[in-house]
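*Asks:* Make a model of this:
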Amino acid sequence: MNAHTVLIDRYFDIWNETDAQRRKALIAATWASDATYVDPLLSGRAHDGIDAMIRAVHERFPRHTFRRTTDVDGFADRLRFSWELKTPDGVPIAKGSDFGQLDAEGRLLAVTGFLDAAPGAA
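*Replies:* You can find the predicted model right below:
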C-alpha cells in the first residue's frame, strides 16, 4: 500500500472514530496544524476545528460510517478519492469525492469535498 493510501485510510479512521481522545490523536498525526477542510455543508480549520466538525457529523449521524470507494489517486502534493457514508444497516446515504493537498511532511494541509449524492438531495 502506498503512502497516499495509508494517509487517506487514516483520514477515514478519523471520520469513523467516536472516542474523542483517539480522534484528536489521529487528527494530530494526519493533519497539518494549520489545515483546512471545506465542503458544501461543513468547514473546519486547524485541529480543533476539524475535530469539532467531525464531532458534529457524529451527533447528526450516530453510528454511521464513512468508507473509501475508490483508489487514492495522487501526484506531487495532490490527492483525490471518493467515499460513501453508510447507515448502521449498511445503506449508503451520501457519496462524494474529495481533493486533498499535502504539506511538506506528507500530512493533510487542505481537503475540499464535493457531494455527489446526499440525504434530501434531488
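*Asks:* can you map out the strands along this structure?
*Replies:* Here the chain has its strands, by DSSP state E, at 31-38, 43-45, 65-68, 73-75, 78-86, 92-102, 108-117.
*Asks:* Could you point out which of those strands sits nearest residue 19?
*Replies:* The minimum distance between residue 19 and the strands of the chain falls on strand 65-68, with 14.4 Å, by CB to CB. The way it works is simple: take the backbone N, C-alpha and C, and place the C-beta from them, glycine included.
*Asks:* Can you add mean pLDDT and give the strands of the chain back as CSV?
*Replies:* Shown next, in CSV, are the strands of the chain (pLDDT from 0 to 100):
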stretch, mean pLDDT
strand 31-38, 98
strand 43-45, 98
strand 65-68, 98
strand 73-75, 94
strand 78-86, 97
strand 92-102, 97
strand 108-117, 96
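*Asks:* can I get the ones you listed in CSV with distance to residue 57 and mean neighbour count?
*Replies:* Shown next, in CSV, are those (distance: least, CB to CB, whole Å; neighbours: other CB atoms under 10 Å):
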stretch, distance to residue 57, mean neighbour count
strand 31-38, 11, 18
strand 43-45, 10, 16
strand 65-68, 9, 16
strand 73-75, 24, 13
strand 78-86, 9, 18
strand 92-102, 10, 17
strand 108-117, 12, 16
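*Asks:* Out of those strands, which is closest to residue 51?
*Replies:* Proximity to residue 51 (CB to CB) singles out strand 43-45 among the strands of the chain, at 7.6 Å.
*Asks:* which outside residues touch that closest one?
*Replies:* For strand 43-45, the external contacting residues (CB atoms under 8 Å, 6 or more residues apart in numbering) are 34, 35, 36, 37, 49, 50, 51, 52, 53, 54.
*Asks:* What's the separation between the last one and residue 47?
*Replies:* According to CB to CB, to the nearest Å, residue 54 and residue 47 sit 11 Å apart.
*Asks:* out of those two, which sits in the more crowded spot?
*Replies:* Between residue 54 and residue 47, counted using other CB atoms under 10 Å, the more crowded position is residue 54 (24 against 17).
*Asks:* Skip the chain neighbours and tell me the closest residue to the more buried one.
*Replies:* The spatially closest residue to residue 54, leaving aside those adjacent along the chain, is residue 15, at 6.0 Å (CB to CB, 6 or more residues apart in numbering).
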